[in-house]
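**Q** any chance you could fold what I've pasted below:
(2 chains)
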Amino acid sequence: MNNNKKKTVEYGKYGVLFIAPFFIVFLVFQFYPLIYTIFKSFMFDKKTGRKKVVTEFGLGNYINYVFGGNGEVWQAMLITIVLWLLNFIPQLLLSLLLAAWFTDMQYKIKGQGAYKVIMYMPNIITAATIAVLFYSLFDVHGSMTQLLRSLGLAGEAGVLTKGWWSLLIIAFIQFWMWYGNTMIVLIAGIMGINPSLYEAAMVDGATPRQQFFQITVPLLKPILQFTMVTSAIGGLQMYDIPQLFNEGSPLVNVGGTAVQSTRTIVMLIKSYINAGPSQNYGRASAYSVVLFIITLAVSMIFYKLTSEKNQDGR
Amino acid sequence: MEKKKKVSGTVIFRQVICIILVLLALFPFYVLIINSTLESNVIKQGIHLIPGSRFFENYKNLMIKTNATSTVNLWQAMRNSLIVTVPTTILQVYFASLTAYGLTVYQFKGRDLAWAFIYAIMMIPTQVSIIGLIKVCSITHMYGTFWPLILPAMAAPTTVYFMKQYMQSGLSIEIIEAARIDGAGEFMTFNTIALPLLKPAMATQAIFAFVASWNNLYTPSILLATRTDKLATMPMFIESLKSNDKKRDFGEIYAGLLITVIPLIVAYLALSKYIVAGVALGGVKE
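**A** Residues are numbered from 1 along each chain as shown, chains lettered A, B, ... in the order given. This next block holds a predicted model:
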């Protein structure tokens, strides 16, 4: 007995040993960088004269750039959220519809496997490639622009000079890349629902529509929440597509101020990291902290929802 | 009779919608293939559906241009991406398995806390701490090398999460205990007994790790910025395709894009069964 106990203690040591690399690497490459970024956001580069800069510790970056100044961080945040909503809402609706169709035993769709594979395909392709591809299609001389012109939908200047067009195309690209993914996730969720529920509903004479709204949607709720939160957090970090599609252009006039109409928050942060005269790590850090807090808030809401669900379930 | 007619009507409607969506998914790639074989001036005239014969010329011009402007060329970029992506994938899957194994097989103080911690950090995106990562790179002299793109993969919470999920159903403690009785060391048991049993899950996670690393633009474009020419990865090359050339030869751009897409599509079609199954697994985690 005694010997046995001693052995488990010894084995426990291996557990610590096995998980140690993860935590060491995490500390160096994720935890320290996060703390440093927060620290750096309080380092304010104050201009004291021509080409003279004094760095002081304090709330300077927050006072001057986040809560004061031109409010570009909130503009970028708003644009990011709009872009996410424009792609996520249609994406979720279409995925839900397709998932319901693909799991419908009464009306079986042939070739489901192939449909899934092809609809998911854009998700695997490098986002940079897809952005440049769509840019080439919608450029002033692009093939799609020519098509839109011949339909009378685009003028000489093309569509990339129009804020809304650019936003909609970027949202469409995101939608096009992601609905296959969401659909497969939802199909798996629906397949996980106990079939006897549907059988019982059928016996009670429930229509397919009733079954969908009374059984499928409520039981899919945790997966829908999960999809929504991962998509929202991913959406907040959106960079590749808008950057390579249109670099945040075009400038549009909103109430007298010029706004970069497709510049997301991560693009804004990167513009202060890039080498050059506008480089300002303190400012980029303050914006990063804003993004971090909003991301954290989104996932907190998610954890709260799921833990409430667990309490109900037990 | 009437019911049967209605059934087939519904099915036809759904099939048609699915076919339209399939065409929508394929159309941009089709245009990409066609345009890569046409001359820039022809491309500017509109959508073309019939291929031309200029692919190799477009490709040759692209290589000449990128060599002349001393930016990275296509094949160097692909090699750089492989140098980053292959070790990243191996480290990510191996250490995630090791971590998940440590949390599943052993009892020790702080285990539940460690697990709760890994679960909690899953949602934190790396983008928010990029300034700090630059700092780490400059302290450790890793700025402008591939290391800061590879090493962080050893701490991938999502991969740990999936490996642990898999172990809870796919790894029996009895086998490990049998190995112990046979006198195998703990580390040895993990490498020779546990890892082979985890192969299916590791393969799925490896595919996703590979794709994520291969497609990553943001981190490399910041951390490799000083020596962008020699070290550019594939997505950075794609970025340069667009920005470098003011005169914009569309034929060359499409030819370059096509070459970046082909390996991914071929690999995807070969592995699509596992990928679709892996995506499905990702959603039912709650």
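
**Q** only C-alpha atoms from now on, for both contacts and neighbour counts.
**A** OK.

**Q** got the residues of the stretch 151-300 of chain A near chain B?
**A** Residues of the stretch 151-300 of chain A found near chain B (C-alpha under 8 Å from any C-alpha of the partner chain) are A:176, A:181, A:184-189, A:222-223, A:226-227, A:230, A:233, A:237, A:239-240, A:244, A:266, A:273-274, A:281, A:284-285, A:288-289, A:291-292, A:295-296, A:299.

**Q** out of those residues, which end up buried?
**A** Neighbour counting with 16 or more other C-alpha atoms under 10 Å in any protein chain shown marks A:176, A:181, A:184-189, A:222-223, A:226-227, A:233, A:237, A:239-240, A:244, A:266, A:273, A:281, A:284-285, A:288-289, A:291-292, A:295-296, A:299 as buried within those.

**Q** what about the strands in the stretch 1-150 of chain A?
**A** A:43-49, A:52-57 (DSSP state E, counting those that start in this stretch).

**Q** tell me what the shortest one is packed against?
**A** Contact partners of strand A:52-57 among helices and strands, from 3 or more C-alpha pairs under 8 Å, 6 or more residues apart in numbering or on different chains; DSSP states H and E: strand A:43-49.

**Q** and the strand it packs on, which strands flank it?
**A** Neighbouring strands of strand A:43-49 in its sheet, by DSSP bridges, are strand A:52-57 (antiparallel).

**Q** pull the CA atoms of the strand it pairs with into CSV?
**A** Provided in CSV are the C-alpha atoms of strand A:52-57 (Å, rounded to 0.1, in the frame of the first residue of the first chain):
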residue,chain,number,x,y,z
LYS,A,52,12.5,66.1,-30.0
VAL,A,53,10.6,63.4,-28.1
VAL,A,54,10.4,62.7,-24.4
THR,A,55,8.9,59.5,-23.3
GLU,A,56,6.9,59.7,-20.1
PHE,A,57,5.0,57.1,-18.1
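
**Q** can you list the weak-confidence ranges in the stretch 1-150 of chain B?
**A** B:1-7, B:70 (pLDDT under 70).

**Q** now it against chain A: closest residue?
**A** Residue nearest to chain A within the stretch 1-150 of chain B (C-alpha to the nearest C-alpha): B:Gly132, separated by 3.5 Å.

**Q** now for that residue, how many residues are close by?
**A** 25 (other C-alpha atoms under 10 Å in any protein chain shown).

**Q** do the same with B:Met202
**A** 23.

**Q** isn't it right up against B:Met163?
**A** Yes: between B:Met202 and B:Met163 a contact is recorded at 7.5 Å, counting by C-alpha atoms under 8 Å.

**Q** okay, and the common contacts of those two?
**A** Here B:Met202 and B:Met163 share the contacting residues B:Ser97, scored by C-alpha atoms under 8 Å, 6 or more residues apart in numbering or on different chains.

**Q** and A:Lys46, what is it in contact with?
**A** Going by C-alpha under 8 Å, 6+ apart, the list of residues near A:Lys46 reads A:53-56.

**Q** so which of the residues you listed comes closest to chain B?
**A** A:Thr55 (16.7 Å).

**Q** who does that closest one form a beta bridge with?
**A** Counting by DSSP bridges, the residues bridging with A:Thr55 are A:Asp45.

**Q** I figured it hits A:Lys40, correct?
**A** No: between A:Thr55 and A:Lys40 there is no contact, the gap being 10.7 Å when judged by C-alpha under 8 Å.

**Q** tell me the domain ranges of chain B?
**A** In terms of domains, chain B is parsed into B:1-69+B:244-271, B:81-237 (source: automatic domain parsing).

**Q** distance to A:Ala154 added to these, as a markdown table?
**A** Listed next are the domains of chain B as a markdown table, based on distance: least, C-alpha to C-alpha, whole Å:
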| stretch | distance to A:Ala154 |
| --- | --- |
| domain B:1-69+B:244-271 | 13 |
| domain B:81-237 | 30 |
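
**Q** for the residue of the stretch 1-150 of chain A found nearest chain B, give me its contacts.
**A** Closest to chain B within the stretch 1-150 of chain A is A:Pro33: 3.5 Å, counting by C-alpha to the nearest C-alpha. For A:Pro33, the contact set (C-alpha under 8 Å, 6+ apart) comprises B:129-133, B:135-136.

**Q** save the residues you listed as JSON lines, and put in secondary structure too.
**A** Formatted as JSON lines, these follow (DSSP: H, G, I helix; E, B strand; the rest coil):
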{"residue": "B:Ser129", "secondary structure": "helix"}
{"residue": "B:Ile130", "secondary structure": "helix"}
{"residue": "B:Ile131", "secondary structure": "helix"}
{"residue": "B:Gly132", "secondary structure": "helix"}
{"residue": "B:Leu133", "secondary structure": "helix"}
{"residue": "B:Lys135", "secondary structure": "helix"}
{"residue": "B:Val136", "secondary structure": "helix"}
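
**Q** make JSON lines from those and add distance to A:Gly256 to it.
**A** Output for those, formatted as JSON lines (distance: C-alpha to C-alpha, whole Å):
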{"residue": "B:Ser129", "distance to A:Gly256": "34"}
{"residue": "B:Ile130", "distance to A:Gly256": "33"}
{"residue": "B:Ile131", "distance to A:Gly256": "33"}
{"residue": "B:Gly132", "distance to A:Gly256": "36"}
{"residue": "B:Leu133", "distance to A:Gly256": "38"}
{"residue": "B:Lys135", "distance to A:Gly256": "39"}
{"residue": "B:Val136", "distance to A:Gly256": "42"}
